[in-house]
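A.B. asks: sequence unknown, structure follows:
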């Protein structure tokens, strides 16, 4: 296998590109001639390490690539040493002593091979010797391979290009010659006789088309495949980390049918995923931090600080690592944990991978679904501009007559002047007018991806590349029961006052591009450039059919909402790694990054159909009409909603590390982030429509006969438009974070005790402003809403004790923060058409402070096996939570600080081969399982909404779970791998316990999600050297997702237990996502 320096990279703006070339020029000039292994000196500290681990340390410390075959390495070989100033050559001699292995150096690569067996030549044996050279230049090739076909006999050319194969029985053979970057050649009819050796002088031609070369070391054949993270390398990272971490490797990801990063994340211990957002240790997405290729992932949402994990396809991921304990070098804005996602990296190989798969979901594919006439580029995940506001359209609150002082005035055409009426109608005629509901038939879903790897030598430096392109086109139909409100009838029974049956049709288009470059200047200096771009477009049509007997409509109704949403993320980074000093004791790492996130919702449209006559209010089959005038200021009926959010982020990091001979190392670093976020949301309402019919059945409703340009009259006799100030909002945020840290690692008691700790300083400069318009801000709200600087000193310490080479105990403490999301601070209303609620911010929110305590025991039975048991405890001051409450018939979500909260639990993780079972096939099986038992308690302040009527103090509780927390998480994976057949099977199981979705208030109950079990099945079958078949099913059980209102406040679903009101628990939302079947092919050339 090929081992490479780890790396990160990035795209960036022009100044970063300029910085790249400046650094390249300086580094190439400074690099001069690379140091060979007899001069380059490293430190080597090993304790009972395997041969693979020792070679990996040499690779990391020297910067050389190390090539070897795992099957050649003796499993029982263990190395213990502590050399602080040793040449790479001496280190290799020390590691390989008392083995049958040798090494050769060739162009910044170290080749490990099996020594030819020495035996006495008899009269019945002979030998083959010769040389291998470049056919064009005549240059002798070092490390080229020759193998006698059909045997295990072979050799590698030495530093002079010569090879020798001894002790070959006399006969006629075929020789296979190969070398990385050259065409492989077969020489036939080579005759071996006793006595004189057979001479072969072979020349190889450089390959112009071959993307993968055969490399033969000793008697084993290797391929120039791409290096990805496997279980062994992941466990090495977990074991050697100073912090408490866990993770998932590309090897484990490939065993599943996971589509995106959200699917992958739910395999991690203690991790849950809700609506593509990650919770760690039961703490919702706001308490977790995501890094993408070493930099903070940009927020993919306009209204929260969160990275939506469905934005990143699973086939781009090399590994995910979860940091559970704080460290001085980690950004502090987390409580649950930090997830670092590393995308696939470059490799010294030439390889092309093509992945194609078809997906089928019953009741979604090959079914009729609701839609409308959309844009011509929806399949690219981007609106073609047809939904956008017309060019030159008036700014918010500047629509002619729309900026009148009160909502009542803006809805009264009699207050408009003649010129205002004419201008209003003319602008309304130019708006997007696709209102007709249509049905069309879906096809199969498909996913496709291409990964291309290549590497070049440019003089004395090596450049490696990875280019990846992928796309997804999918359709999903969800049918859900939705009951947001219920009342008591007074006779011990309950009645739904809002009860709907929703049909939600989603068409998804995703495109992703990944471009990574890695420049190894010499073993001490390297530069990396990584860039990733993802675009996700979702076209959603919701048809809501049911009853609303609240004060708004008091009728059966049908509501249709069309939403097109396009999200884009660009993350880019330029990074450098520099090893300095005679003994490589100094290391300098730096990075400059730029990220951009856009979230665009153009022309979301909602229309409402009601019976025309009050006598038909209870008749769901009555003729339906469009509601003419909306009275509720928070309604989105007959409107066009536009929202655009953008986030620009510039980051710079600098880290320095100094190690000495005793194992003590010192670190210090600096972090700077400059973020600008702009949100512009606007609701343009349409009023003045009379009750008009345009078809009876909702499937045949011709709404465009009513919502057409002719409906807007310049004389004011028709419909008109205005800005709804209650559901519009504009704000800009400038946020800067300045951070620095220092840390030290101290080994004690023969290095059995390791103490790593330090302190971090973080300061945030936050400036949040909204337009200085009373129409938008309302009385008493300042245009410069927030302008503050807050800073903190954050200590942390991690301690580990090694009982043996296979067992250790870790303990950690650290203080972290949780800052309010920008949107949570703004008193602007945002509606959710699915849940039919309104969220509003709170500019008095405080930063939450968290004290984190961790303890974990780890056991490593072998290099690929791992067992851990851990416990954690977190104390939160001023935890930030969303609270649900009602005003009239409308449900609101408001953010507030909860004074005290604690979260604690135990976790266990097992990665084990099943060879210990008394069954011959058991060695082909392995299992990965993790379990987390979680508990949280919140003490909330009394009278959170003291103006709320009808408090029922008899049912107020002093504590409840923290919002977003689950009671348990279980992940189990059973894997079968039969290499001889090329067959791999996986069975994956996931379930999480009940979790709190929305916190309640004194009058409004909590909303919980019930457990849901998920089983996935996967089969992979290698067809030949280049082709692999993959099939599977995701969510085989297809259990419903169920959310209920806990009216009796016992945190348990019980629809029979009556309260004194006398209300009972009721099911708030219920639907089945649908099982998902997949067939695919992976082609590797």
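C.D. replies: Yep, that arrived. Fair warning: this is a prediction, and the values are worked out from it, not measured in the lab.

A.B. asks: next up, phi/psi of residue 92, please.
C.D. replies: phi -70, psi -40 (degrees, to the nearest 10).

A.B. asks: distance check, it against residue 54.
C.D. replies: 9 Å (Cβ to Cβ, to the nearest Å). C-beta: built from backbone N, CA, C; applies to glycine.

A.B. asks: for residue 465, which non-adjacent residue is closest in space?
C.D. replies: Nearest non-adjacent residue to residue 465, counting by Cβ to Cβ, 6 or more residues apart in numbering: residue 454, 5.0 Å away.

A.B. asks: which strand or helix spans that neighbour?
C.D. replies: strand 445-458 (DSSP states H and E).

A.B. asks: so what's residue 540 bridging to?
C.D. replies: residue 506, residue 563 (DSSP bridges).

A.B. asks: pull out the buried positions in the helix or strand that contains residue 893.
C.D. replies: Secondary-structure element containing residue 893, defined by DSSP H and E: strand 890-913. Residues of strand 890-913 classed as buried: 890-898, 901-905, 907-913 (neighbour count, 16 or more other Cβ atoms under 10 Å).

A.B. asks: how about stretch 90-102?
C.D. replies: Across stretch 90-102, burial judged by 16+ other Cβ under 10 Å covers 90-92, 95-96, 101-102.

A.B. asks: one more: stretch 474-485?
C.D. replies: Buried residues in stretch 474-485, defined by neighbour count with 16+ other Cβ under 10 Å: 474-478, 480-485.

A.B. asks: how does the protein divide into domains?
C.D. replies: Using automatic domain parsing, the domains assigned to the chain come out as 1-116, 117-217, 231-346, 438-1084.

A.B. asks: what does stretch 811-819 rub up against?
C.D. replies: Here stretch 811-819 makes contact (Cβ atoms under 8 Å, 6 or more residues apart in numbering) with 243-244, 286-287, 325-327, 332-335, 762, 764, 792, 794-800, 847-856, 876, 879-880.

A.B. asks: ditto for stretch 584-591
C.D. replies: Contacts of stretch 584-591 (Cβ under 8 Å, 6+ apart): 8, 10, 41-43, 61, 294-295, 524, 573-580, 651-660.

A.B. asks: so which of those residues sit within strands?
C.D. replies: 41-43, 295, 573-580, 651-659 (DSSP state E).

A.B. asks: check the secondary structure at residue 964 for me.
C.D. replies: Three-state call for residue 964 (DSSP: H, G, I helix; E, B strand; the rest coil): coil.

A.B. asks: check the gap between it and residue 937 for me.
C.D. replies: Distance check for residue 964 against residue 937: by Cβ to Cβ, it reads 14 Å.

A.B. asks: same question for residue 967.
C.D. replies: According to Cβ to Cβ, residue 967 and residue 937 sit 12 Å apart.

A.B. asks: just to revisit the earlier point, what about burial for the contacts of stretch 811-819, which qualify?
C.D. replies: Among these, those classed as buried by neighbour count (16+ other Cβ under 10 Å) are 243-244, 286-287, 325-327, 332-335, 762, 764, 792, 794, 796-800, 847-852, 854-856, 876, 879-880.

A.B. asks: looking at those, which are in strands?
C.D. replies: Per DSSP E, the buried ones among the contacts of stretch 811-819 map to strands at 762, 764, 792, 794, 796-800, 848-852, 854-856, 876, 879-880.

A.B. asks: pull the residues that contact stretch 738-754.
C.D. replies: With Cβ under 8 Å, 6+ apart as the test, stretch 738-754 has contacts from 47, 242, 327-329, 331-332, 662-672, 755-763, 765, 799-802.

A.B. asks: just the buried subset of those residues, written out for ChimeraX, thanks.
C.D. replies: In ChimeraX, a selection of the buried entries from the contacts of stretch 738-754 looks like this (16+ other Cβ under 10 Å):
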select :242,327,328,329,331,332,663,665,667,668,669,671,756,757,758,760,762,799,800,801,802
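
A.B. asks: who does the residue nearest to residue 315 when sequence neighbours are not counted form a beta bridge with?
C.D. replies: Once flanking residues are discounted, residue 315 sits nearest to residue 449: 5.4 Å by Cβ to Cβ, 6+ apart. Residue 449 has these beta-bridge partners by DSSP bridges: residue 355, residue 470.

A.B. asks: ok, now which ones touch residue 449?
C.D. replies: Contact analysis of residue 449 by Cβ under 8 Å, 6+ apart lists 313, 315, 353-355, 468-471.

A.B. asks: one more time with 10 Å, if that's ok
C.D. replies: Counting by Cβ atoms under 10 Å, 6 or more residues apart in numbering, residue 449 makes contact with 313, 315-316, 353-357, 468-472, 512, 514, 1082.

A.B. asks: show me which of the residues you listed are buried.
C.D. replies: Using 16+ other Cβ under 10 Å as the burial test, the contacts of residue 449 include 313, 315-316, 353-355, 357, 468, 470-472, 512, 514, 1082 as buried.

A.B. asks: which of those residues sits closest to residue 195?
C.D. replies: Using Cβ to Cβ, residue 353 is the member of the buried ones among the contacts of residue 449 that lies nearest residue 195, at 49.5 Å.

A.B. asks: list phi and psi for the closest one.
C.D. replies: phi -120, psi 130.

A.B. asks: repeat for the one 4 residues further on
C.D. replies: Listed backbone geometry of residue 357 is phi -150, psi 150, with angles given as degrees, to the nearest 10.

A.B. asks: tell me which helix or strand residue 811 sits in.
C.D. replies: Short version, using DSSP H and E: residue 811 is in strand 807-818.

A.B. asks: quick one: buried residues of that strand?
C.D. replies: 808, 810-818.

A.B. asks: still on that earlier bit, give me the subset of the buried residues of stretch 90-102 lying in strands.
C.D. replies: Per DSSP E, the subset of those in strands is 101-102.

A.B. asks: from the buried residues of stretch 90-102, which two are the most distant?
C.D. replies: 90 and 101 (15.6 Å).

A.B. asks: quick revisit: list buried residues within the ones in strands among the contacts of stretch 584-591.
C.D. replies: In the ones in strands among the contacts of stretch 584-591, burial by neighbour count holds for 41-43, 295, 573-579, 651, 653, 655-657, 659, counting by 16+ other Cβ under 10 Å.

A.B. asks: what packs against the helix or strand following the strand holding residue 811?
C.D. replies: The C-terminal neighbour of strand 807-818 among helices and strands, as given by DSSP H and E, is helix 822-825. The contact analysis (3 or more Cβ pairs under 10 Å, 6 or more residues apart in numbering; DSSP states H and E) places helix 822-825 against strand 665-687, strand 729-748, strand 753-769, strand 784-802, strand 837-840, strand 890-913.

A.B. asks: how about 8 Å then?
C.D. replies: strand 729-748 (3 or more Cβ pairs under 8 Å, 6 or more residues apart in numbering; DSSP states H and E).

A.B. asks: nothing else from me, thank you.
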